[in-house]
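Q: I would like the atomic coordinates for the input below:
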Amino acid sequence: MIRRAHEREKLEKTMFGGPGMAHFTKLLNEDEFEGRGRLYNHVLLRPGDAVGKHRHNGDFEVFFILKGEGLYDDNGRETTVKTGDVTVCRHGEEHALYNNGPDDLEMVALILYSGN
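A: Next comes the predicted model:
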């Protein structure tokens, strides 16, 4: 399968009560995970935008920071993440990401279902 850039679905919405808008490009659709996951997106957060704090149950989420930097909330512990960093929020954990920098933050977000 090949999906060309012009064929990908693009969305923008507020995320979990965070300020501003998150801009998404779907890299895979949920039905393409063969039951193993539900999200694989390129995400753009402009300065001041955020993915608000939320908990993962039954799945885990990985952020791979492609560009920029932001403030990552890892179960209540805040730390700066930058280009090249990877974050993991496992089943039962909470996280958030705030673009508190002067430039756009770009990342890939992946959500896979937790194993039994």
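
Q: When you work out contacts or count neighbours from here on, use the C-alpha atoms and nothing else.
A: Noted.

Q: now this protein, which segments are flagged as low pLDDT?
A: 116 (pLDDT under 70).

Q: And the strands in it, which stretches?
A: Counting by DSSP state E, the chain has strands at residues 10-13, 22-28, 37-45, 50-55, 59-67, 69-74, 77-82, 86-89, 94-98, 105-113.

Q: With distance to residue 3 as added columns, please give those in TSV.
A: Shown next, in TSV, are the strands of the chain (distance: least, Cα to Cα, whole Å):
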stretch	distance to residue 3
strand 10-13	13
strand 22-28	8
strand 37-45	13
strand 50-55	26
strand 59-67	21
strand 69-74	29
strand 77-82	28
strand 86-89	25
strand 94-98	28
strand 105-113	17
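
Q: Of all the ones you listed, which one comes closest to residue 1?
A: When these are compared by Cα to Cα, strand 22-28 sits nearest residue 1, at 10.8 Å.

Q: mind exporting the closest one as CSV, just the C-alpha atoms?
A: In CSV, the C-alpha atoms belonging to strand 22-28 read as follows (Å, rounded to 0.1, in the frame of the first residue of the first chain):
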residue,chain,number,x,y,z
ALA,A,22,-3.6,20.5,17.3
HIS,A,23,-3.1,20.0,13.5
PHE,A,24,-3.1,16.4,12.5
THR,A,25,-2.2,14.5,9.4
LYS,A,26,-3.3,10.8,9.6
LEU,A,27,-0.6,8.5,8.4
LEU,A,28,-2.7,5.4,9.0
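
Q: Neighbouring strands - and their directions - for it?
A: Using DSSP bridges, the strands paired with strand 22-28 are strand 10-13 (antiparallel), strand 37-45 (antiparallel).

Q: Looking at these, which is nearest to residue 85?
A: Across the strands paired with strand 22-28, residue 85 has its closest neighbour in strand 37-45 (14.7 Å, Cα to Cα).

Q: show me the contacts for residue 98.
A: Residue 98 makes contact with 48, 49, 50, 51, 52, 70, 71, 72, according to Cα atoms under 8 Å, 6 or more residues apart in numbering.

Q: Please consider this matter closed, and thank you.
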